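Novice: I'll drop the sequence and a predicted model, then ask my questions.
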Amino acid sequence: MSTLDYIVLLGTLVGIAAYGMWRTRESGGLQGYLKGDDSIKWGTIGLSVMATQASAITFLSTPGKAYDDGMGFVQNYFGMPFAIIFICVFFIPIYRKLNVYTSYEYLGQRFDSKTRYLGAILFLVQRGLAAGITIYAPAIVISSLLGWNLDLTIVLVGALVIIYTVSGGTKAVSITQRYQMAVIMIGMFIAFGMIVGNLPSDISFGSALSVAGAMDKLEVVNFSFDIEERYTFWSGLFGGVFLSLSYFGTDQSQVQRYLAGSSSSASKFGLLFNAVVKIPMQFFILFVGVMVFVFYLFEKPPVFFNQSTLDAVAQTEHAGQLLSLEGEYGEIVDQRSVAVRQLAVALDKGDEAEIGLAKAKAVELEERALLVRNEVKELISKAGEDFEAKDSDYVFITFILDYLPEGLVGLLVAVIFAAAMSSTASELNALGSTTMVDIYRRLIRHEKSDAHYVRVSRILTAAWGVLAIFFALYANLVENLIEAVNILGSLFYGGILGIFFVAFFLKSVHGSAVFLAALITQASVLLMFKFTDIGYLWYNLIGCVLVMLLSLLLQMTVFRSEGKVSES
């Protein structure tokens, strides 16, 4: 990157963080630190909720996912609007009425202490791991492509987030996320404009769309009933509903965002904003990835998008084989470019016979190119255990660095860092709050002043930040990053949601029954994940239903004599 890019990058990140710290220099006690104050309106809540979910992984991995597999990943979000409406009707009124700091306080009031601790601990484990991933994900990609030291990049991102999250609490997170989200969306629209602008002069935007469709990258909906397929209309609608219900309704990183609202209406409108905007935003980010794919049909792409890994393999005994594969790939993509141009011409003319021949040739060359890329990935795996043989997370950032002008490169890298900071800040804020409210204040110090609890919240938030950095320093992801985060959540979310559904709708079930049911369910889901190929979205539905059924069964048998236990 140029000097101008570094100025834009550092100016954007430091400026947003400093503004958030300045605006929230007076936290207003425990209530203000953990829940914000009445100045947080629905628009800020909506952007904060969106920014919490839209981590750097979204903007690094999602375009790469579309580059490889097309638009089908958007089905993951089909159930989200229904889930948010349900949360607005059932969850928010209960949380607001009870005036809780965390969603797990409600479990203590409805059931007992052990159920509250279980919900909080499941959240802390899942979200603590996710916080490390959200720091690690952009750091591993950016450090590799920019030549930065990986450990230093991880510490830089983590330390900056810790500073402003600890200083201002929930309000600082919400305010900074508003501007981070603005930077993110401006950057993505600029990137899209640059992709379209860099297409060959004889290829119109309409022709590019036609080519993308012909190459099977625009298929959005898959109605297959195969539960082993990860992304279908049915898994997105049903599994996605339960994933979103648990994420937005029980995950403290999201609950804390909308509990900061000035009123129940502000909380609901902030969430409903996401129900309206999230799917179009995700569609657009995937579409950016599809357009990068089309762009590289006319421009020669690298045989593997992580150049630092290729450079490392070139220093091993496999260098000759790598060079040969790169030469073979170059010849194929040159032929593919010619075939795709012929396809574009045929599509513009509307000649079906000519379209069929041109498409067959283009698809055949694309398949040959993919075979060579797979050979390169196998070669990378042979060359060393430390070499990462997946490159979909590097596709979008490679385009940015290679084709965007000075200044815009810095802005787009700032987008990735801003997304990492916004999501990680929400996670650390929620982790610190949950640990203080549900563990520390309940088990260790019952009767202390607000000032004491604010101080402890700051310390715990910083401690979780350090743990997240530590985990990121030693993380090793094998999945596409956007999938890895969703898989991790799906392993825990179904069981947690089941506990809340029992609390809401099965009034005859008490604490011991739901506690044991949740433990059995969590173990069952982990075993299913290890020993079956069920699409991960279904674990959200399976976990929730299993907790409810087991709770009823246990209450009617093992715990039929148990009376209701409540917390004071």
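Specialist: Right, received. Where do you want to start?

Novice: distance check, the closest residue to Val313 other than its chain neighbours against Leu150.
Specialist: Spatially, and ignoring its direct neighbours in sequence, Val313 is nearest to Ala383 (4.6 Å; C-beta to C-beta, 6 or more residues apart in numbering). (C-beta placed from N, C-alpha, C; glycine too.) Using C-beta to C-beta, to the nearest Å, one obtains 19 Å as the distance from Ala383 to Leu150.

Novice: could you report the separation of the residue nearest to Val313 from Asp311?
Specialist: 11 Å.

Novice: same check, this time on Glu352
Specialist: 46 Å.

Novice: likewise Leu516?
Specialist: Leu516 is 54 Å from Asp311, by C-beta to C-beta.

Novice: same drill for the two, tell me which one is more crowded.
Specialist: Neighbour totals were compared for Leu516 and Asp311, and Leu516 leads with 15 against 9 (other C-beta atoms under 10 Å).

Novice: that one - nearest residue in space that isn't next to it in sequence?
Specialist: Leu554 (5.8 Å).

Novice: now the helix or strand encompassing the one you found: buried residues?
Specialist: With elements taken from DSSP states H and E, the one containing Leu554 is helix 538-556. The neighbour-count check on helix 538-556 (16 or more other C-beta atoms under 10 Å) flags 538-548, 550-552, 554-555 as buried.

Novice: can you tell me what sits against that helix?
Specialist: Contacts with helix 538-556, where a contact means C-beta atoms under 8 Å, 6 or more residues apart in numbering, come from 227, 235, 238-243, 245-246, 490-491, 493-495, 497-499, 501-502, 506, 508-510, 512-514, 516-518, 520-522, 524-525, 528-529, 534, 562.

Novice: out of the residues you listed, which are buried?
Specialist: 227, 235, 238-243, 245-246, 490-491, 493-495, 497-499, 501-502, 506, 509-510, 512-514, 517-518, 520-522, 524-525, 528, 534.

Novice: inside strands: which ones of these?
Specialist: Within these, no residue falls in strands by DSSP state E.

Novice: how about the helices in the stretch 401-550 of the chain?
Specialist: For the stretch 401-550 of the chain, the helices defined by DSSP state H, counting those that start in this stretch occupy 408-434, 450-473, 481-505, 511-531, 538-556.

Novice: tabulate the ones you listed (CSV), appending mean pLDDT and distance to Asp402.
Specialist: Shown next, in CSV, are the helices of the stretch 401-550 of the chain (pLDDT from 0 to 100; distance: least, C-beta to C-beta, whole Å):
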stretch, mean pLDDT, distance to Asp402
helix 408-434, 77, 9
helix 450-473, 84, 27
helix 481-505, 86, 21
helix 511-531, 94, 38
helix 538-556, 95, 38
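
Novice: of the ones you listed, which is nearest Ile142?
Specialist: helix 408-434 (6.6 Å; C-beta to C-beta).

Novice: which elements pack onto that closest one?
Specialist: The contact analysis (3 or more C-beta pairs under 8 Å, 6 or more residues apart in numbering; DSSP states H and E) places helix 408-434 against helix 3-23, helix 42-53, helix 56-69, helix 113-146, helix 150-197, helix 252-259, helix 395-403, helix 450-473.

Novice: distance check, the residue nearest to Lys382 when sequence neighbours are not counted against Arg560.
Specialist: Counting by C-beta to C-beta, 6+ apart, His318 is the residue found nearest to Lys382 once chain neighbours are left out, at 6.6 Å. Going from His318 to Arg560 by C-beta to C-beta gives 66 Å.

Novice: kindly report the same for Ile140.
Specialist: Here the criterion is C-beta to C-beta. By it, Ile140 lies 52 Å from Arg560.

Novice: return the residues in contact with the nearest residue to Ile487 once chain neighbours are set aside.
Specialist: Counting by C-beta to C-beta, 6+ apart, Ile487 lies nearest to Tyr536, which is 4.8 Å off, once chain neighbours are set aside. Taking C-beta under 8 Å, 6+ apart, we find Tyr536 in contact with 230, 483, 486-487, 490-491, 529.
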